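make a model of this:
(4 chains)
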There are 2 protein chains.
Amino acid sequence: MDKFKQFLKQIASITDKEFDDTLSYFVEQNLKKGDFLIKQGKVCRQIAFIVKGTLRTYYFDDKAKEITACFCTENNLTTSYKSFILQEPSNLALQAIEDTQLLVIDYENLQKLYAKSTIWQTIGRTVAEREYIVMEKYASVLNNESAKEKYLRLLKEQPNVVQKSSVEDIASYLGVTRRTLSRIRKEISQS
Amino acid sequence: MDKFKQFLKQIASITDKEFDDTLSYFVEQNLKKGDFLIKQGKVCRQIAFIVKGTLRTYYFDDKAKEITACFCTENNLTTSYKSFILQEPSNLALQAIEDTQLLVIDYENLQKLYAKSTIWQTIGRTVAEREYIVMEKYASVLNNESAKEKYLRLLKEQPNVVQKSSVEDIASYLGVTRRTLSRIRKEISQS
DNA sequence: TGATTTTGAGGACATTTGTCCTTTTATAAT
DNA sequence: ATTATAAAAGGACAAATGTCCTCAAAATCA
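Sure, this is the predicted structure:
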């Protein structure tokens, strides 16, 4: 609960009172490893703050290959954002890769917060802006870095994720094949 | 002017009066081919609606290679978004690749709009959400498509851009080398 | 117009990455 | 513990892409 308050304070200058007034709009939810927060094809109706744990999001590309879109970690928000924004069926699935504890708000409640509170309008915009910045960074990495550079970056920025995930999932996140990732790992272990 | 109103109406239900009250916050600006809207290293203080024309945005990657980040076309917004959001020096430059006509709002005026009008809060959030969705799509293309697929997609989605831009710029946008793009073009012309 | 510079096409070869497969190792189930 | 199953490593070869370079065409400038 306190972690979430800290998270929000770092986004906008929300007062303790505003925060307390808000909490009733959220519900706690726990996922076991392997559980889904959101499944493909359903309209995503939640945004969740990850108190503890990790989720992987994935979709299927044009060639029906499963692609990891993102690893979502503690102290961040997670959702199938496009589906949530447009309230259209989600092409993303969100699955817990370990036991996970969430604070969840649904679409209606968030709209209520937007309607009644300026600070929440600001939070909503700022969250979208930040998600944009993260995605822009990801795109530039995909555009400009080699397989090895991308893997080393992930290793540096999200070492826990590398630990907890399968080679397959990491490879598709980096836009390379298992074979390539295997080569890279060997190279690294030898140097 | 009317194009801009249409653009906004499609984002949020802004009334004619609200729109008229807003217009004084914007200024018209014209760029000649080659002119910069924003230069690297400066804090970006504007968001612009492109009434007519095209801009290219670019940056230099870790290896000091110039990379085209985006081709911005008529009836869309353009800005160095990250720099604008964080009010930090821009790594992007925005340059007109043909004579271009803009409607520009600066940072202070936008903050004023946010402060005084709920509809502008909604517009601000919705714009950020849309930019996110565009960037997410771009990332998935970069992650999953071959050089040829990416080029064919650009050709389909932004044929004018392909016409107006150099091979170099298109290649870096697609994350490939000139040589690769040259091969693809030959292949296409032969089929 | 003629000279100069920039841009695009493409040859030759190197490197990276992918495909298909087998072997090895780790994990789970009985 | 033993067997069955799934995941990772890696061999052999193919395809895609990059590097470096030259030449021709196009654009620009004097």
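
give the rounded mean pLDDT of the top helix by length along chain A.
Counting residues, the longest helix found in chain A (DSSP state H) is helix A:118-144. For helix A:118-144, the mean pLDDT works out to 97.

quick check: buried residues in that helix?
Within helix A:118-144, the residues that qualify as buried by neighbour count (16 or more other C-beta atoms under 10 Å in any protein chain shown) are A:119-133, A:135-136, A:138-144. The way it works is simple: take the backbone N, C-alpha and C, and place the C-beta from them, glycine included.

can you state the direction angle for it and helix B:118-144?
20 degrees (axes from the mean of the first three to the mean of the last three C-alpha atoms, to 10 degrees).

wait, does helix A:118-144 contact DNA strand C?
No - judged by C-beta under 7 Å from any atom of the strand, helix A:118-144 makes no contact with DNA strand C; its nearest approach is 11.2 Å.

ok, that helix near chain B or not?
Yes - Helix A:118-144 lies within reach of chain B by C-beta under 8 Å from any C-beta of the partner chain, at A:118, A:121-122, A:124-125, A:128-129, A:131-133, A:135-136, A:138-140, A:142-144.

what is the neighbour count of the nearest residue to residue A:46 once chain neighbours are set aside?
Leaving aside its chain neighbours, residue A:46 sits nearest to residue A:104 (4.9 Å; criterion: C-beta to C-beta, 6 or more residues apart in numbering or on different chains). When neighbours are defined as other C-beta atoms under 10 Å in any protein chain shown, residue A:104 has 18 of them.

SS state for residue A:104?
strand (DSSP: H, G, I helix; E, B strand; the rest coil).

now it: how far from chain B?
Per C-beta to the nearest C-beta, to the nearest Å, residue A:104 is found 19 Å from chain B.

same question, residue A:148
For residue A:148 relative to chain B (C-beta to the nearest C-beta), the value is 13 Å.

and what of residue A:157?
15 Å.

ok, residue A:117 next?
Counting by C-beta to the nearest C-beta - residue A:117 and chain B are separated by 11 Å.

residue contacts, that residue?
Residues counted as contacts of residue A:117 (C-beta atoms under 8 Å, 6 or more residues apart in numbering or on different chains) are A:18, A:22.

rerun at 7 Å
Residues counted as contacts of residue A:117 (C-beta atoms under 7 Å, 6 or more residues apart in numbering or on different chains) are residue A:18.

tell me the spacing between it and residue A:109.
From residue A:117 across to residue A:109, the span is 12 Å (C-beta to C-beta, to the nearest Å).

same question for residue A:76.
20 Å.

what about residue A:17, helix or strand, and which?
If you go by DSSP states H and E, residue A:17 is part of helix A:16-23.

got the buried residues for that helix?
residue A:22.

how many residues are close by residue A:92?
22.

surely it meets residue A:60?
No - taking contacts as C-beta atoms under 7 Å, residue A:92 lies outside contact range of residue A:60: 10.0 Å.
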